[in-house]
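[1] just a sequence and a predicted model for now, questions to come.
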Amino acid sequence: MKTFVAMDKQREIEQEKQRRERLEAEEEDPSYRTVLLTTFVIRKKRCRVYFHRGALIWETERSPYRRWTLSLTDVLTASFSNDRNSGGTINETFRYRERDSIGSNSSPSTNGSTNGALGFVLHYAARGSKNKLSHHSVTMKHDDPRQVASWVKTLRNYITNLRHRPRKILLFVNPFGGKKKGLEIWEKRVQPLMNLAGVEAKVIVTERAGHIHDYLMSCELGSYHAVVCIGGDGTFSELFNGLISRTARDRCIDLNEPDVDLPRPDIPVGMIPSGSTDTLAYSLHGTTDVETAVLHILFGDTTGLDVSSVHSDRELLKIYASIFSYGYLGDVIRDSEKFRWMGPQRYDYSGFKKIIANKGYEGEVELLPETVHPAACTRCTKNCSRCDFRMHNADRTDDIPNTLTVKGKFFMVNGANISCACSKSPMGFSPHCHIGDGCVDVIIVRHTSLFNNIRMLLRLTSKEKTLYDLPFVEVYRAREFTFRATSSEPSETTSSSFESCVEAVEASNGERSEGSLGPGSRLGSSAISVWNCDGEVVDASSVRIRVHRQLLKVFTRRMQAPAPKGTSCFCLL
Ligand SMILES: Nc1ncnc2c1ncn2[C@@H]1O[C@H](COP(=O)(O)OP(=O)(O)OP(=O)(O)O)[C@@H](O)[C@H]1O
């Protein structure tokens, strides 16, 4: 209890400090003190428009009186509008994809020339349902081009002074992941918005697995403000593994050292989802919507994301951001690679096979659990107090009791860095998991009946229920844990008759079966599984997992509570 009171107090002090720093910075910025007041025509109505202290406020001059506010932190850009004809229907609220011209360099939005413009277009983002952000725009008309020019200049100056917004981005596009739409997403949905916001992107289309990692190890990074990928969780994993390896090399840090503190990259990272599950995007933004992810990047707000290192006895195997999972999910990811041609459906197919097979794996988990059970914590959303507190406070060890050992036969063992929610599992493995508290949620599912496996799967697809209270599931929150496979009885866990039949059919169709690696092969043995590490296979029977608190700065405004009705949006005029 005392700890919580101290946490609240500390948080208040931190927030007050940040507020004062922000105010001081704003006082020094001349564009912040600028006041503009002009009457514009907006959607055929005369409106008084004010700009002051980073906010646009406008209100109708005549009845019915209405007033709206829009923070410039939600504005992408202001551009001159020379389109006199659009005055007939001044309703300019539209989605950018409905206007081909937006984003092209010849568009009046980006050419910077006033040409005696009698209006300007404000491009901004508005919240929709289910955490989605979308691009809107509105035209403000005025008879005097000098007024228009003054407004555009002031708004642009203000936006340029938002220094946390990236201006130059290194962007990797994976054309292969998910439904293979990475390139199309770049061309049709990302590039137009980036052009509009005046962001320069150096685009690398990946040619093979490992391309991002290799590129990051050798490229010049100093001129970029962000490194971003269009891809799934596997692509993002390659990106931050490469970035951390690069940072370690530049700082002469040996990542294979088991007690190493991973180096913190200076450059923020972003992810535009185009994979099969896109767990990370869903857990961060509350949606896998592409436009939302792009806007989060363009607005430049970042949050600290924990990552966990996975070491074997001798070396660093991988760093992960979402989940590290042994047993069932390891089997699924290994099996599903053979069925990539199915697209995202491959997970359903392999998942079904492996549920029916119901294999159990002997092992031993050792961890340092926190005293608080994950279910007793708040959920991690925008302005999360737990993550805020952990960001500014060193780890306390006095609230950790002794090491805990859990032995047995497991259906799966998971270390979740984030809730692992996705569209198919809206609550995820651990809905109360925090993205930046320096902990993983260790979710241990005992080997049990097929009926219970199905109960667990149903829970995973539920919008309300969690795994926490299932009698064969144990959940702990820890800063590190180890796992050692102890299986010695391959005969107990060899393929079930169902799986043998399916594998025989697959073999006759030319699909390589796991058993085809031959006797004695570890992959061929069912007694030991593999790990699913952010969607990629890691083969190791003894591992140590350590969390590195908020190591990555990732672009996100996080998911928020639903927008109250009647909030500012030009389309309501
Ligand atoms: N041109 C390419 N050809 C083959 N593989 C590639 C290519 N470019 C990237 N890859 C690899 O493809 C793998 C899978 O991509 P990704 O994880 O983004 O998609 P996914 O597995 O469909 O989605 P998710 O991880 O969200 O389920 C990555 O590990 C990446 O290294």
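    In hand now; what should we look at? Numbering: from 1, shown residues only.

[2] look up the pLDDT of residue 424 for me, please.
    Looking at residue 424, its pLDDT stands at 86.

[3] how much space separates it from residue 460?
    8 Å (CB to CB, to the nearest Å). C-beta here means a position set from N, CA and C on the backbone, and glycine is covered the same way.

[4] more neighbours: those two, which one.
    Using other CB atoms under 10 Å as the criterion, residue 424 and residue 460 rank with residue 460 on top: 19 against 14.

[5] I'd say that one and residue 425 touch.
    Yes: Residue 460 is within contact range of residue 425, at 4.7 Å (criterion: CB atoms under 8 Å).

[6] and this structure, which of its residues are near the ligand?
    Residues of the chain found near the ligand (CB under 6 Å from any ligand atom) are 174-178, 206-209, 211, 231-235, 238, 275-278, 535-536.

[7] list only buried entries from the residues you listed.
    174-178, 206, 211, 231-235, 238, 275-278, 535-536 (16 or more other CB atoms under 10 Å).

[8] in strands, which of those appear?
    231, 536 (DSSP state E).

[9] in helices, which of the buried ones among the residues of the chain next to the ligand fall?
    211, 233-235, 238 (DSSP state H).

[10] looking at the residues you listed, which one is closest to residue 161?
    When those are ranked by distance to residue 161 (CB to CB), residue 235 comes first, at 32.8 Å.

[11] how about that closest one, what does it touch?
    By CB atoms under 8 Å, 6 or more residues apart in numbering, residue 235 lies in contact with 172, 174, 177, 206, 212, 229, 271, 275.

[12] how close does it get to residue 173?
    The value you get for residue 235 to residue 173, if CB to CB is used, is 9 Å.

[13] and the residue of the stretch 451-573 of the chain closest to the ligand?
    Proximity of the stretch 451-573 of the chain to the ligand (CB to the nearest ligand atom) peaks at residue 535, 3.5 Å away.

[14] ditto for the stretch 351-500 of the chain
    For the stretch 351-500 of the chain, CB to the nearest ligand atom, closest residue to the ligand: residue 422, 8.4 Å.

[15] what's the helix or strand containing residue 350 packed up against?
    Element membership for residue 350 (DSSP states H and E) is helix 345-357. Other helices and strands packing on helix 345-357, by 3 or more CB pairs under 8 Å, 6 or more residues apart in numbering; DSSP states H and E, are helix 328-336, helix 450-461, helix 497-508.

[16] give me that answer again for 6 Å
    Here helix 345-357 touches helix 328-336, helix 497-508, going by 3 or more CB pairs under 6 Å, 6 or more residues apart in numbering; DSSP states H and E.

[17] show me what contacts the residue nearest the centre of the chain?
    The centre of the chain sits closest to residue 281, judged by CA atoms, centre = their mean, with a distance of 3.3 Å. Going by CB atoms under 6 Å, 6 or more residues apart in numbering, residue 281 touches 271, 273, 288, 293.

[18] nearest to the ligand, of those residues?
    residue 273 (7.2 Å).

[19] where does the closest residue to that closest one other than its chain neighbours land on pLDDT?
    Using CB to CB, 6 or more residues apart in numbering and skipping the chain neighbours, the partner closest in space to residue 273 is residue 281 (3.9 Å). Here the pLDDT value assigned to residue 281 is 93.

[20] tell me which residues are up against the following helix or strand past the helix holding residue 350.
    Later in the chain than helix 345-357, the nearest helix or strand by DSSP H and E is strand 361-369. Contact with strand 361-369 is made by 327, 400, 403-407, 409-410, 413, 442, 476, 478-479, 481-487, 529, as judged by CB under 6 Å, 6+ apart.

[21] what are the contacting residues of stretch 429-439?
    304-306, 374-375, 377, 379-380, 386-387, 390, 414, 416, 418-420, 441, 443, 466, 477, 479, 547, 549-550.

[22] any stretches of the stretch 251-400 of the chain with poor pLDDT?
    394-400 (pLDDT under 70).

[23] and the residue of it that's closest to the ligand?
    Proximity of the stretch 251-400 of the chain to the ligand (CB to the nearest ligand atom) peaks at residue 275, 2.5 Å away.

[24] now that residue: closest residue in space, sequence neighbours ignored.
    residue 232 (1.5 Å).

[25] ok, that neighbour - contacts?
    177-178, 275-276, 278.

[26] which element follows the helix or strand where residue 138 lies toward the C-terminus?
    According to DSSP H and E, residue 138 maps onto strand 133-141. With elements assigned by DSSP H and E, the helix or strand that comes after strand 133-141 is helix 145-160.

[27] what are the contacting residues of that following helix?
    By CB under 6 Å, 6+ apart, helix 145-160 touches 31, 34, 38, 72, 78, 114, 116-117, 120, 142.

[28] from these, pick the one nearest residue 335.
    Nearest member of the contacts of helix 145-160 to residue 335, counting by CB to CB, is residue 72, at 50.1 Å.

[29] residues contacting that closest one?
    By CB under 6 Å, 6+ apart, the neighbours of residue 72 are 54, 158.

[30] what are the ranges of the helices in this structure?
    2-28, 30-33, 145-160, 182-185, 191-196, 211-218, 233-250, 279-285, 290-299, 328-336, 345-357, 385-392, 450-461, 497-508.

[31] can I get the ones you listed in TSV including distance to residue 138?
    Shown next, in TSV, are those (distance: least, CB to CB, whole Å):
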stretch	distance to residue 138
helix 2-28	25
helix 30-33	21
helix 145-160	13
helix 182-185	26
helix 191-196	14
helix 211-218	38
helix 233-250	34
helix 279-285	25
helix 290-299	17
helix 328-336	46
helix 345-357	41
helix 385-392	35
helix 450-461	40
helix 497-508	56
